[in-house]
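Colleague: here is a sequence with its predicted model. Questions after.
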Amino acid sequence: MVNLDIDKNAVYILAGNTGADSMALSHMLLEQEAKFVMCFVNYNIGPEWNDTEAALRKYCEEKGIEFESLDADQADQTGKDANFEKWARKVRYDFFAEVYKKYDAAALFLPHTEDDVIEGYLLAKQTGVRDSKFGLNTVGTTRGMIVRRPLVPYSEADLKEYCDLNNVPYNRDFGNYAHDPSRSAIRREVVDKLNEAERDMYITEIKKAKDELITFSANIKKSVDRVDTLNIREIIALSEGEFADTIIRFVKAKAKIRIRISPQTLAEFRKMCLDPQPNMCMKIGTNTFLVKEYDEISIDNDGLDLPYHYTLKEPCKFSCETFELDFTQGAEDRGIHLDDYPLTVRSVLPQDVWLYNGYAVNAKRMLIAAGISERLLHVWPVFLNKQGKIVYIPRYKKGFSEYHSSSMIIHVNEEEK
């Protein structure tokens with residue numbers, strides 16, 4: 001039994017047939033009390049496909065599983081004759097995406113196995129494709145769907161044994177249909193005929209080909225469990241599936257509430273990681289944010305310590321959750337001059353250095369030495385001129401009395417006052 005990490009309030013989609021891999025995964029979903037929809041595409045290639053649909057529909061009725069099917073003859077036939085497998089893949093993923101949207105699903109489960117990994121590797125070798133992502137990611141995204149492949153570490157023989165041990169019905173000959181579009185010629189003529197020694201040889205080759213990437217990814221995954229931040233440069237270097245898996249694991253580990261991460265969220269987050277702006281945040285749940293500070297990512301669970309980045313094009317009045325100011329009459333008394341505009345006002349970064357009384361000092365260390373609280377340190381503003389040079393940092397001192405003619409108020413709680 002594979003732990004599928006099910007959210008019992010969510011709905012999932014299972015790409016199903018009556019093969020051992022699909023039926024085993026269906027049984028695991030049922031055992032873990034998942035709500036899911038069985039999706040079957042009937043390619044109408046011989047009577048076996050109609051028999052399979054009928055058997056799968058009956059199984060779903062007996063188990064109380066929602067069932068959705070597609071008659072491939074009713075789909076767009078463009079490209080079918082030129083490349084059947086490519087056409088069949090488009091048809092089924094279009095169908096999965098439609099059902100996914102209909103049920104507002106949390107993920108699409110695909111019953112891919114170790115056999116699929118070997119097939120992909122041999123296809124890549126045959127076509128001369130160099131791909132550092134040999135194998136299938138257990139978590140990925142496609143067509144706006146989160147895709148999960150929990151059976152990748154197991155062979156079809158493993159899944160047949162699972163079904164036999166757990167009295168799960170399956171069609172032993174499903175994978176041998178002469179024109180099964182889910183199985184390439186390599187799968188039928190090579191992979192299905194491998195003995196245990198040959199299978200181990202290919203798996204060893206695949207692992208060797210992925211060794212550096214696996215090590216790199218594993219180090220990042222370990223850090224998810226023991227640190228509170230992720231390094232942007234490291235996670236951006238991951239493949240799409242590993243990036244998705246890492247972010248989902250990180251949010252699950254650090255967020256105080258359960259957060260559902262969608263492909264759109266992952267795409268927007270990746271865009272935020274690549275944005276040159278150093279301080280950014282992204283809301284992913286009620287009072288829960290993914291926070292970018294320079295080259296690190298963290299989770300904020302209350303919305304109180306969010307980084308910010310504002311541009312003041314000219315002397316003006318400005319207000320936000322952290323502070324408010326009125327520089328309409330100028331702010332020369334703070335060392336800010338007209339030719340400094342446009343001003344950038346943002347939260348302080350670890351590498352910020354300010355020229356104070358003729359000395360270059362680290363801004364954060366200076367504020368810490370003044371006794372600033374950890375929360376205020378996260379949101380204390382710094383002002384940069386149009387050249388990106390820090391020209392002003394408000395003074396921090398307990399019991400401080402304002403003496404400037406220009407107005408600026410930093411919002412603090414009662415204890416910090």
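Modeller: Yes, it's here.
Colleague: show residues contacting stretch 319-334.
Modeller: Outside stretch 319-334, the residues that touch it by C-beta atoms under 8 Å, 6 or more residues apart in numbering are 308, 310, 312, 315-318, 336, 338, 347, 379, 381, 383, 392, 404-411. Bear in mind the C-beta positions are built from the backbone N, C-alpha and C, glycine included.
Colleague: that stretch: how far from the chain's middle?
Modeller: 39 Å (C-alpha atoms, centre = their mean, to the nearest Å).
Colleague: and for stretch 358-377?
Modeller: Distance, centroid of stretch 358-377 to centroid of chain: 35 Å (C-alpha atoms, centre = their mean).
Colleague: what about it, start to end distance?
Modeller: End-to-end distance for stretch 358-377, by C-alpha to C-alpha, to the nearest Å: 23 Å.
Colleague: hang on, the earlier thing: mind listing which of the contacts of stretch 319-334 are in helices?
Modeller: Val379 (DSSP state H).
Colleague: out of the contacts of stretch 319-334, which end up buried?
Modeller: Buried members of the contacts of stretch 319-334, scored by 16 or more other C-beta atoms under 10 Å, are Tyr308, Leu312, Pro315, Ile336, Ser347, Val379, Pro381, Phe383, Tyr392, Ser406, Met408.
Colleague: and the residue lying closest to Asn385 once chain neighbours are set aside, its phi and psi?
Modeller: Using C-beta to C-beta, 6 or more residues apart in numbering and skipping residues adjacent in sequence, the residue nearest Asn385 is Asp340, 3.8 Å away. The phi/psi pair for Asp340 (degrees, to the nearest 10) reads phi -80, psi -20.
Colleague: what about Asp340, how many residues nearby?
Modeller: 20 (other C-beta atoms under 10 Å).
Colleague: quick one, helices of the stretch 151-300 of the chain?
Modeller: Here the stretch 151-300 of the chain has its helices, by DSSP state H, counting those that start in this stretch, at 156-165, 185-189, 196-209, 211-226, 232-236, 240-254, 263-274.
Colleague: got a markdown table for these, with mean neighbour count, mean pLDDT and distance to Val147 too?
Modeller: Converted to a markdown table, the helices of the stretch 151-300 of the chain look like this (neighbours: other C-beta atoms under 10 Å; pLDDT from 0 to 100; distance: least, C-beta to C-beta, whole Å):
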| stretch | mean neighbour count | mean pLDDT | distance to Val147 |
| --- | --- | --- | --- |
| helix 156-165 | 17 | 93 | 19 |
| helix 185-189 | 15 | 66 | 20 |
| helix 196-209 | 14 | 74 | 20 |
| helix 211-226 | 14 | 64 | 17 |
| helix 232-236 | 15 | 86 | 19 |
| helix 240-254 | 20 | 86 | 8 |
| helix 263-274 | 16 | 91 | 9 |
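Colleague: for Asp302, find the nearest of those helices.
Modeller: helix 240-254 (12.8 Å; C-beta to C-beta).
Colleague: ok now the closest one, how far from the chain's centre?
Modeller: Distance, centroid of helix 240-254 to centroid of chain: 5 Å (C-alpha atoms, centre = their mean).
Colleague: helices and strands around that helix, which ones?
Modeller: Packing partners of helix 240-254 (3 or more C-beta pairs under 8 Å, 6 or more residues apart in numbering; DSSP states H and E): strand 139-142, helix 211-226, helix 232-236, helix 263-274, strand 296-300.
Colleague: what lines up beside the shortest one in the sheet?
Modeller: The pairing partners recorded for strand 139-142 under DSSP bridges are strand 145-148 (antiparallel).
Colleague: residues in contact with the partner strand?
Modeller: Identification of contacts with strand 145-148 by C-beta under 8 Å, 6+ apart yields 4, 13, 96-97, 100, 105-110, 138-141, 244, 248, 261-263.
Colleague: show me what contacts the nearest residue to Phe383 once chain neighbours are set aside?
Modeller: Sequence neighbours aside, Tyr392 is the residue nearest to Phe383 in space, at 4.0 Å (criterion: C-beta to C-beta, 6+ apart). Tyr392 is in contact with Ala331, Arg334, Gly335, Ile336, Val382, Phe383, counting by C-beta under 8 Å, 6+ apart.
Colleague: and the two most separated of these?
Modeller: Greatest spatial distance in the contacts of Tyr392: Ala331 and Val382, 14.0 Å, computed using C-beta to C-beta.
Colleague: which one of these two has more residues nearby?
Modeller: Counting neighbours by other C-beta under 10 Å for Ala331 and for Val382 shows that Ala331 has the greater number, 25 against 20.
Colleague: could you pull up phi and psi at the more buried one?
Modeller: phi -140, psi 30.
Colleague: quick one: it and Arg346, what's the gap?
Modeller: 17 Å (C-beta to C-beta, to the nearest Å).
Colleague: circling back: in strands, which of the contacts of stretch 319-334 fall?
Modeller: Those of the contacts of stretch 319-334 mapping onto strands are Tyr310, Leu312, Lys317, Phe318, Ser347, Pro381, Phe383, Tyr392, Ser407, Met408, Ile409, Ile410, per DSSP state E.
Colleague: tell me how many other residues crowd Met282.
Modeller: Met282: 16 neighbours (other C-beta under 10 Å).
Colleague: the one 3 residues further on too?
Modeller: The tally of other residues near Gly285 (other C-beta under 10 Å) stands at 17.
Colleague: okay, now the nearest residue to it once chain neighbours are set aside: neighbour count?
Modeller: Of all residues not flanking Gly285 in the chain, Ile259 sits nearest, at 4.6 Å (C-beta to C-beta, 6+ apart). Residues near Ile259, counting by other C-beta under 10 Å, number 17.
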